[in-house]
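# Sequence first, predicted coordinates after that:
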Amino acid sequence: MSDLAQQITDDMKTAMRERDKGALNVLRALKAAITNTAIEKSGAGTELAEGEVISIIRKQIKQRQDSIEQFEKADRAELAETEKSEITVLEKYLPAALSQEDIEAAVDAAITEAEAESRKDIGKVMKILQEKTGGRADGKTLSQEVMKRLS
């Protein structure tokens, strides 16, 4: 089991002991998503790499951000607040985010490495960037920066 998956399991046990229902629900959902992804990948008992677990956490956060947007449109502030608190719990498991300067430097390096010259090379650049940033930057932010540079 990856260190991150083990940390999530340990924190889930702690939330149970402390009777923290909010954190417990979020961690159970996250654990279920990790287990489901592992089963889809290679069957029961499969362990995911650290990067795959981070990807699942980012996906969970994105789902909650989408929910917040919908709840705010429907004037359901209490539900939006619940989602925001869940995002706070999930963000604890993400690696430190890259600064804008670091993202720009990584994009420049990836463009040079891929020998990209136009927008048709975005795929090659993004593949290199995803490997180099290791989940420390949002894919949307990276792609916007790449598009800015290659236009």
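Structure received.
# Kindly report the domain assignment for this structure.
For the chain, automatic domain parsing gives the domain ranges 3-91, 100-150.
# Would you check that residue 96 makes contact with residue 136?
Yes - Residue 96 is within contact range of residue 136, at 6.6 Å (criterion: Cβ atoms under 8 Å). (Glycine included, C-beta is placed from N, CA and C.)
# Mind checking which of those two has more residues around it?
Each of residue 96 and residue 136 has its neighbours counted (other Cβ atoms under 10 Å); residue 136 has more, 16 against 6.
# Mind telling me what element residue 47 is part of?
If you go by DSSP states H and E, residue 47 is not part of any helix or strand.
# Would you check how far apart it and residue 134 are?
For residue 47, the distance to residue 134 equals 18 Å [Cβ to Cβ, to the nearest Å].
# quick one: the helices in this protein?
For the chain, the helices defined by DSSP state H occupy 3-17, 21-42, 50-73, 77-91, 100-114, 122-133, 139-150.
# which residues does the closest residue in space to residue 58 that isn't next to it in sequence contact?
In space, and not counting its chain neighbours, residue 58 is closest to residue 135: 6.7 Å by Cβ to Cβ, 6 or more residues apart in numbering. Contacts for residue 135 (Cβ atoms under 8 Å, 6 or more residues apart in numbering) come out as 51, 54-55, 58, 94-95.
# What is the neighbour count of residue 68?
Neighbours of residue 68 (other Cβ under 10 Å): 19.
# ugh, wrong one, I meant residue 27
Residue 27, neighbours per other Cβ under 10 Å, totals 24.
# I'd say it and residue 15 touch.
Yes - with contact defined as Cβ under 8 Å, residue 27 reaches residue 15; the gap is 6.0 Å.
# And stretch 69-82, what's buried?
Residues 71, 80, 82 are the ones in stretch 69-82 that count as buried (16 or more other Cβ atoms under 10 Å).
# hang on, isn't the first one packed against residue 80?
If I follow you right, that is residue 71. Yes - because the distance of 4.0 Å satisfies Cβ under 8 Å, residue 71 is recorded as touching residue 80.
# List the contacts of the residue nearest the centre of the chain.
Nearest to the geometric centre of the chain sits residue 58, at 1.8 Å (Cα atoms, centre = their mean). Counting by Cβ under 8 Å, 6+ apart, residue 58 touches 94, 135, 138.
# Done for today, thanks.
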